[in-house]
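1. Predicted structure and sequence below. I'll ask about it afterward.
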Amino acid sequence: MGNICRSPTAQAVFEHLVATQGLHEQIRVDSAGTHAYHVGEQPDTRSQDAARERGIDMSGQRARRVSMDDFERFDYVLAMDKSNYNDLKRLASPAQRKRIFLFMEFASEMGVREVPDPYYGGSHGFERVLNLVESASEGLLLHIKKTHLSGTKRI
């Protein structure tokens, strides 16, 4: 929503995973919010602290709002929850809507459809977000490898 908790965490985790597999030249990752509450701000310090505990640095990120270009620049536009999913669907053209997914669709084994917003909770919420995002990131990367990376296509 505001691009300071879930989305930047997902960006950092996925970038880390992509880099460890040597795919950073082929896969471009970014995050954005559906609202402009925190544009230009760093991710929430609690998100950064939780990620840092797992060896992931997200301090270089700055919040931004989704732009119409995002629907053309990226093959996958991922929403953390149904509310943001619906907001993205409203913004996108009919042809672009096929690029929008709930992030947890790539981690069906977790039995969760949405990544909960940890903003108003304690530190355990940020750990939960990391667990969910790590699982979805692994599933998404596996999907991308199977679907797109048989050659050298850039995603």
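-> Yep, it's here.

2. would you list every one of the helices in the protein?
-> Taking DSSP state H, the helices of the chain run over residues 6-20, 45-53, 70-73, 82-91, 123-148.

3. Those: which one's closest to Arg28?
-> Closest of the helices of the chain to Arg28 is helix 70-73, at 7.9 Å (criterion: C-beta to C-beta). To be clear about C-beta, it is placed using only N, CA and C from the backbone, and glycine gets the same treatment.

4. about what we covered before: so which of the helices of the chain is the most surrounded?
-> Per residue and on average, the most neighbours among those fall to helix 6-20, with a mean of 22 (mean count of other C-beta atoms under 10 Å).

5. which helices and strands sit right next to it?
-> Contact partners of helix 6-20 among helices and strands, from 3 or more C-beta pairs under 8 Å, 6 or more residues apart in numbering; DSSP states H and E: helix 45-53, helix 123-148.

6. Include mean pLDDT and distance to His24 when you put these into TSV, please.
-> Shown next, in TSV, are the helices and strands packed on helix 6-20 (pLDDT from 0 to 100; distance: least, C-beta to C-beta, whole Å):
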stretch	mean pLDDT	distance to His24
helix 45-53	97	18
helix 123-148	96	12
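
7. JSON lines please, covering the ones you listed and showing distance to Ser31.
-> Compiled in JSON lines, those are given as follows (distance: least, C-beta to C-beta, whole Å):
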{"stretch": "helix 45-53", "distance to Ser31": "11"}
{"stretch": "helix 123-148", "distance to Ser31": "11"}
